[in-house]
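1. Pasting a predicted model and its sequence here:
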Amino acid sequence: MIGGLHGEDRHFHCSHCMSWMFTRPAGMDEFVNVRAMMLDERRDFVPFLETCTAEKLPWVKTPAQHSFKEFPPMEQFETLLAEFASLSCKQ
C-alpha cells in the first residue's frame, strides 16, 4: 500500500498495520530507503547517513558517517551510494 507522500517520491506502508516500511525516491529506481526498524537484526545496523538533522531533537545522536541538515544534494548521491556499497561488501 502506498501512503505518506503522494508526489513523485513514495512511502510504502504495511497494508495490515500501516507501518512505514520503505521509501522509493523518484528517478532512483535502483535505490530503496528501508527503515532500519523493519530489519530482524537491527542491533547490528549502524547508520551510514542521517538526513533532516535540522529538525532533530538536540539530544539525538547517531554514529552516522555522513550528516545532512536536509537531504544530500543529488550530485552527491552517486558518491554516497558507491561508498556505502564498498562498506557493505567488506562485511
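-> Done, it's in.

2. okay, which residue is most central for this structure?
-> Closest residue to the average C-alpha location of the chain: Asn33 at 4.0 Å, with Cα atoms, centre = their mean.

3. For beta bridges, what are the partners of the closest residue to that one other than its chain neighbours?
-> With Cβ to Cβ, 6 or more residues apart in numbering as the criterion, Asn33 has its nearest non-adjacent residue at 4.3 Å, and that residue is Thr23. In this view, the C-beta of every residue, glycine as well, is placed from N, C-alpha and C. Beta-bridge pairing for Thr23 (DSSP bridges): His11, Asn33.

4. burial of Thr23, as a residue count?
-> With neighbours defined by other Cβ atoms under 10 Å, the count for Thr23 comes to 17.

5. and what of Leu80?
-> Per other Cβ under 10 Å, the neighbour tally for Leu80 reads 15.

6. I'd like the numbering to begin with 22 instead of 1 from here.
-> Got it, first residue is 22 now, which makes that one Leu101.

7. secondary structure class for it?
-> helix (DSSP: H, G, I helix; E, B strand; the rest coil).

8. mind checking how far it is from Leu108?
-> In this view, Leu101 and Leu108 are 11 Å apart by Cβ to Cβ, to the nearest Å.
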